[in-house]
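S.K.: only geometry, no sequence info:
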């Protein structure tokens, strides 16, 4: 909040108490009672069902499908293949921006990866469509599968992630390594990981002429509108997307995917509303995943443990037909001070669906390797891991040299270590056991994630009855966005929360941008705050220009908006309600608008990140190598906290995903066929309640006046970035064995 005593404070100040309160989820009762309507819960009149048939090979072409058998099945209405699929207005392989990826939508008979859609069966019932798809019995012309990081020649990509440079190298790393007193080099492998949100990708599509209505889970409705419009040759305004609830997104639902396009195509072809929902095993291919990486880190230090050089090289995989390069090495850009840093990437093309954004893309696998290597370097220097990190604490961003807009990482280290009891940690491995003789280990990892903003818009309305309305086409994928935005809206309008109406989740509302990169709250929150400021300013102008108002002539002093009233800033006893101002002006309502976007000048001047420290305790069976995480403590600093209840929930989710990364999660691929061997929640292991018995998140206070007007940084992805490394380091501390291949399963621990 601006300082109300400052002469530089704006003329019209909103004051409230919603931001910072642990409000419960606005949609919580709906979800708990089953009243929340997700995409696949919609059943418009006349709706039919579509089921995809997918490839069982990863490279080749479809030679034949038994379409006649499928069509003869009772209830089957249509079978769509590459032979009869409608041609699109735009080439689905065309790309004109870094957020556009190639789609498989039955435009030819080529197979580029396992689980690629090769046909769609439309039927009166889901059962009939499923049975019809099974009757297709595809035959293939198969080519040799290319799988694994060593299966093909590597190349240096022109860009990584969403268009960033593939390599950066301030300083002379080789000179720094040569001058070092202590050196280390190690290679770490992370596996392919697949999106497994509780809600699979789904779409219910209905055409009315050239107007299209869609129910689908989306992290970016406006981007989806544009992509669909281009492919089907209609204006974006003809497309109405409803996405009020998402059962998890994590990047997978940020961009519209091929299966959703096939649902739209099927609805147009049969002239009826169509529902298409991916089965769990169909998630492993056409909707993105996190690619495997092999990362080599080299470090050198002087005799006092200060880094002289840091090199981070990542090799990863992408598809044969598109480019998304996991920017894993970039995790070394922002954390540790060194006079010489080099990050670089290479990639191989394999027969897989294109990797895409997955919670903390780049930072998650990159930090797992970096934080493991930092611990190995600390051990080589004979230093405590926390002391080593503090010795190499970066006061400015190492890669760019910019000052941080704010950085409370020291406080994160201090508060997390005190709460965890780190001071009692023996430095050597295999020194702690519990009463049952189980090995006990303690490890830590530093967490960091950039404080990003995209662009979003909001509309605010004040009504004559003294209530307010805020609208924005934002996305709530379970993180609590509806609740946090409603809190920001109440403060922006100077109203109590119960007198503020909030609308979101449909594409006919102002474009809120994309919910990704932990940027949604900052982006949309700034738009809402701006819309509130705009409408309050207009209301204040009405009052201050009206001689009948107690606020008449208050222009120089300005007014404060609080509790549904405007107060003179120089005499708060002189005030007037919103309702009275509008009624006397004969105005039913007054509207304002706002835009949230990054400030280019601030971004140019400062490095902006959220920071944290995660401390982990593990217990390891000394005979069988079974690892259990028994305690996690994370301390995080992320600027203004809109809702501490929701923020803790996000930190918990991130840290639990870190447990998954460290100990459980990996896709097992058949190298002969390129097919995933564990495409289900029974065999693709993720943590359950019993795997995380104790978890705590500390909210470290931090104020950032540069990152945006509200001082908000993102919290959704930072939790994973410190946790996987912390657990790996704890496993070493318990056992004395360093496993450099994730996940750390008992066989890898015993074989190391």
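M.R.: Arrived safely, thanks for sending. It should be emphasised that the depicted structure is a prediction, and the values quoted were computed from it without experimental measurement.
S.K.: okay, CA-based contacts and neighbour counts for the rest of this
M.R.: Fine.
S.K.: Surely residue 332 is in contact with residue 340?
M.R.: No. Residue 332 lies out of contact with residue 340 (Cα atoms under 8 Å); the separation is 11.4 Å.
S.K.: And the contacts of the helix or strand containing residue 659?
M.R.: Assigned by DSSP states H and E, residue 659 belongs to helix 644-659. The list of residues contacting helix 644-659 from outside it, by Cα atoms under 8 Å, 6 or more residues apart in numbering, reads 20-24, 479-480, 629, 632, 634, 641, 687, 692, 695-699, 715-724, 727.
S.K.: Inside strands: which ones of these?
M.R.: 629, 632, 634, 695-699 (DSSP state E).
S.K.: Filter the residues you listed down to the buried ones.
M.R.: 629, 632, 634, 695-699 (16 or more other Cα atoms under 10 Å).
S.K.: from these, which is closest to residue 391?
M.R.: residue 634 (20.5 Å; Cα to Cα).
S.K.: Quick check: the closest one vs residue 188, distance?
M.R.: As for residue 634, its distance to residue 188 is 24 Å (criterion: Cα to Cα, to the nearest Å).
S.K.: same deal with residue 24?
M.R.: 41 Å.
S.K.: How about residue 261?
M.R.: For residue 261 relative to residue 188 (Cα to Cα), the value is 38 Å.
S.K.: Next: residue 305.
M.R.: In terms of Cα to Cα, residue 305 sits 23 Å off from residue 188.
S.K.: How about residue 345?
M.R.: 14 Å.
S.K.: So which of those two has more stuff around it?
M.R.: residue 345 (26 against 21; other Cα atoms under 10 Å).
S.K.: and the more buried one, that one's in a strand?
M.R.: Yes. Assessed with DSSP: H, G, I helix; E, B strand; the rest coil, residue 345 lies in a strand.
S.K.: my guess is it contacts residue 315, does it?
M.R.: Yes. Contact criterion Cα under 8 Å: residue 345 and residue 315 qualify, at 5.8 Å.
S.K.: ok so, going back, what's the angle from the helix holding residue 659 to strand 695-699?
M.R.: Here the directions of helix 644-659 and strand 695-699 differ by 130 degrees (axes from the mean of the first three to the mean of the last three Cα atoms, to 10 degrees).
S.K.: tell me the mean pLDDT for helix 644-659?
M.R.: Throughout helix 644-659, pLDDT has a mean value of 97.
S.K.: for stretch 210-221, same thing?
M.R.: For stretch 210-221, the mean pLDDT works out to 97.
S.K.: The stretch 101-250 of the chain: strands as residue ranges?
M.R.: For the stretch 101-250 of the chain, the strands defined by DSSP state E, counting those that start in this stretch cover 110-111, 117-123, 139-142, 182-190, 193-194, 202-208, 211-215, 239-242.
S.K.: Which of the ones you listed has the highest mean neighbour count?
M.R.: strand 117-123 (a mean of 28; mean count of other Cα atoms under 10 Å).
S.K.: In contact with the residue nearest to residue 380 when sequence neighbours are not counted, which residues?
M.R.: Nearest non-adjacent residue to residue 380, counting by Cα to Cα, 6 or more residues apart in numbering: residue 182, 7.1 Å away. Residue 182 makes contacts with 300-303, 380-381, as judged by Cα under 8 Å, 6+ apart.
S.K.: Now flag whichever of the residues you listed is closest to residue 234.
M.R.: residue 300 (57.7 Å).
S.K.: In the chain, what helix or strand scores lowest on average pLDDT?
M.R.: strand 12-14 (a mean of 55; mean pLDDT, DSSP states H and E).
S.K.: hang on, the earlier thing: buried subset of the contacts of residue 182, written for PyMOL?
M.R.: The buried residues among the contacts of residue 182 can be selected in PyMOL (16+ other Cα under 10 Å) with this line:
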select buried, resi 300+301+302+381
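S.K.: Just the contacts of residue 182: which are in strands?
M.R.: By the criterion of DSSP E, membership of the contacts of residue 182 in strands covers 300-301.
S.K.: where do the strands sit along the stretch 251-400 of the chain?
M.R.: 274-277, 289-290, 293-301, 307-319, 341-350.
S.K.: These: which one's closest to residue 170?
M.R.: Taking the strands of the stretch 251-400 of the chain one by one with Cα to Cα, strand 341-350 is closest: 5.8 Å.
S.K.: Strand 293-301 and the closest one, what's the angle between them?
M.R.: Using the same axes, to 10 degrees, strand 341-350 lies at 160 degrees relative to strand 293-301.
S.K.: What average pLDDT does strand 341-350 get?
M.R.: On average, strand 341-350 scores 98.
S.K.: in that strand, what's buried?
M.R.: 341-350.
S.K.: helices and strands around that strand, which ones?
M.R.: strand 307-319 (3 or more Cα pairs under 8 Å, 6 or more residues apart in numbering; DSSP states H and E).
S.K.: in the strand it packs on, what's buried?
M.R.: 307-319.
S.K.: Distance from stretch 497-504 to the middle of the chain?
M.R.: 26 Å (Cα atoms, centre = their mean, to the nearest Å).
S.K.: Straight-line length of that stretch, end to end?
M.R.: 16 Å.
S.K.: Stretch 77-92 too?
M.R.: For stretch 77-92, the end-to-end distance is 26 Å (Cα to Cα).
S.K.: Equivalent analysis for stretch 268-279, please.
M.R.: One end of stretch 268-279 to the other measures 22 Å (Cα to Cα).
S.K.: contacts for it?
M.R.: 40, 44-52, 77-78, 86, 200-207, 259-260, 263-264, 266-267.
S.K.: go with 7 Å
M.R.: 44, 46-51, 200-207, 263, 266-267 (Cα atoms under 7 Å, 6 or more residues apart in numbering).
S.K.: same question, stretch 673-691
M.R.: Contacts for stretch 673-691 (Cα under 7 Å, 6+ apart): 57-58, 114, 145, 147, 280-281, 284, 351, 628-629, 660, 664-670.
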